[in-house]
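Colleague: predicted model and sequence follow; I will ask about them next.
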Amino acid sequence: MEERAMNRNVRILLVEDEERLRGTIQEYLRMNGYQTLEASSGAEALRIFASGEAEWPDLVLLDLMLPAVSGFDVLSRIREKSNVPVIILTARCSEEDQLRGFSLGADDYLMKPFLLSVLQARIEALLRRMREPNRRRTYGVLSIDEKAHKIFMNGSLLPLTPREYEVLRYFMRNEQIVLTRDHLLDEIWGIDYSGTDRSVDTIVKQIRLKLGRAAKYIDTIYGIGYRFEVKDYEDD
């Protein structure tokens, strides 16, 4: 009941061109206490994000195979304006599509057909991470404000997608611990994620690009995974 009460303040935008599926998902979300917005095309979804920020949703469920404006294009345009969590819902199951989705800033990827209960679990997992209490920590030139869901470098906000934030935050929480790709997939993407460990590599690559010289904090452990460790790089 408490979770459902919290859901009343959450607005979810469902972008899906298949009317019957859109109606089924929307009804299920409302039964679980969420407010819903709907868009039957990419253009409709982008019009919502073209309005004032007060009208933006708290989470987006995004189909890829949309008429005229594809889901990939919608995701790319959303990321130009917002870090709102995005879960891709699609019948496109190729590894290339999944990697492209994550590289554009998707937070999760759920392949059709899926159980509505699994969709709800994915939504709640993302929202729980957004609601976690404030824990301010500093790691070299990086600092994290978990309540605000933000990471700063030398005091400036890093423009991270929600998935990039989750991965970098997990690295910080597990400083100097070697993390396998499979472990990262289970902890951040979820144990029922059906993609490959290349999804992890794609996100880490994007994070390193944004960290600049501080990318040295993330070591690649050949054949295993990654380790986060603060290093002095000022004199390099």
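Modeller: Perfect, thanks for sending it. Residues are numbered from 1 along each chain as shown.
Colleague: can you tell me which residue is nearest the centre of this protein?
Modeller: residue 107 (2.2 Å; CA atoms, centre = their mean).
Colleague: for that residue, give me its contacts.
Modeller: Each residue near residue 107 by CB atoms under 8 Å, 6 or more residues apart in numbering is listed here: 85, 86, 87, 126, 161, 162, 163, 166. From N, CA and C alone the C-beta is placed, and that goes for glycine too.
Colleague: does the last one touch residue 190 like I think?
Modeller: Going back to what we said before, that points to residue 166. No: counting by CB atoms under 8 Å, residue 166 stays clear of residue 190, with 11.3 Å between them.
Colleague: looking at these two, which is more packed in?
Modeller: residue 166 (21 against 15; other CB atoms under 10 Å).
Colleague: so what's the residue count around the nearest residue to that one once chain neighbours are set aside?
Modeller: In space, and not counting its chain neighbours, residue 166 is closest to residue 188: 5.2 Å by CB to CB, 6 or more residues apart in numbering. When counting by other CB under 10 Å, one arrives at 20 neighbours for residue 188.
Colleague: how about the contacts made by residue 188?
Modeller: 163, 166, 167, 170.
Colleague: quick check: mean pLDDT of the top helix by length along the chain?
Modeller: Taking DSSP state H as the criterion, the chain has its longest helix at helix 116-131. Averaging pLDDT along helix 116-131 yields 84.
Colleague: go through the very next helix or strand once past that helix and flag the buried ones.
Modeller: Scanning forward in sequence from helix 116-131 by DSSP states H and E, the next helix or strand is strand 136-139. Residues of strand 136-139 classed as buried: residue 139 (neighbour count, 16 or more other CB atoms under 10 Å).
Colleague: from here on, count from 90
Modeller: Okay, using 90 as the starting number, the last item reads as strand 225-228.
Colleague: could you export strand 225-228 as PDB, CA atoms only?
Modeller: Below are the C-alpha coordinates for strand 225-228, written out as PDB (Å, rounded to 0.1, in the frame of the first residue of the first chain):
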ATOM      1  CA  ARG A 225      27.400  12.700  -0.100                       C
ATOM      2  CA  ARG A 226      30.800  11.200  -0.800                       C
ATOM      3  CA  THR A 227      33.900  12.400  -2.500                       C
ATOM      4  CA  TYR A 228      36.300  10.300  -4.600                       C
END
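Colleague: helices or strands next to it in the packing?
Modeller: strand 231-234 (3 or more CB pairs under 8 Å, 6 or more residues apart in numbering; DSSP states H and E).
Colleague: give me the sheet partners of the strand it packs on and which way each runs.
Modeller: strand 225-228 (antiparallel), strand 239-242 (antiparallel) (DSSP bridges).
Colleague: lovely, talk soon.
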